[in-house]
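# Return a 3D structure for these sequence lines:
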Amino acid sequence: MAAALINIPKKARRGDIIEIKTLMSHIMETGYRHMASGETVPRDIITSFTCRYNGSEIFRADLFPAIAANPFVTFFTTATESGKFEFEWIGDNGFSETATASITVE
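You can find the predicted model right below:
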């Protein structure tokens with residue numbers, strides 16, 4: 001079962017630049033390793049990460065097999081209004097996980 005950790009400030013002043021940190025618990029199997037039997041371990045990675053702020057996309061990243069397990073993504077945005085951040089991770093084998101966090105802008 002995947003689990004997301006999100007770190008954003010609870011409050012900010014309008015116009016402040018804030019840092020957003022996310023970590024998704026995921027094995028991120030590259031598809032390049034082989035089992036003792038010689039079979040390739042099937043690829044199982046998160047392929048994209050998206051963040052929306054009050055419904056508008058503010059950050060997107062495409063991920064590839066070289067990304068480590070439990071991918072950590074950090075980025076900055078400007079606090080413009082109180083509201084909700086929505087985070088979405090999409091991956092191989094039907095993987096899809098979402099999380100939300102709120103901020104109060106004064």
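
# Can you pull the phi/psi pair for the residue located most distally from the centre of the chain?
What lies farthest from the middle of the chain is S37; by Cα atoms, centre = their mean that is 33.8 Å. Here is the backbone geometry of S37 (degrees, to the nearest 10): phi -80, psi -10.

# Okay, it and M28: tell me how far apart.
Look at S37 and M28: by Cβ to Cβ, to the nearest Å, they are 22 Å apart. For every residue, glycine as well, the C-beta is placed using N, CA and C.

# Equivalent analysis for A12, please.
On the measure of Cβ to Cβ, A12 and M28 end up 32 Å apart.

# do I18 as well
Note on I18: its distance to M28, by Cβ to Cβ, is 27 Å.

# which of those two has more neighbours?
Set I18 next to M28 and count neighbours by other Cβ atoms under 10 Å: M28 wins out with 20 against 17.

# Not counting residues beside it along the chain, what's closest to the more buried one?
Spatial nearest neighbour of M28, excluding adjacent residues (Cβ to Cβ, 6 or more residues apart in numbering): A69 at 4.5 Å.

# Does that neighbour fall in a helix, a strand, or a coil region?
What DSSP: H, G, I helix; E, B strand; the rest coil gives for A69 is coil.

# which stretches of the protein have low pLDDT?
Along the chain, the model assigns pLDDT under 70 to residues 1-2.

# Spell out the residue ranges of the helices in it.
Ranges of helices in the chain, per DSSP state H: none exist.
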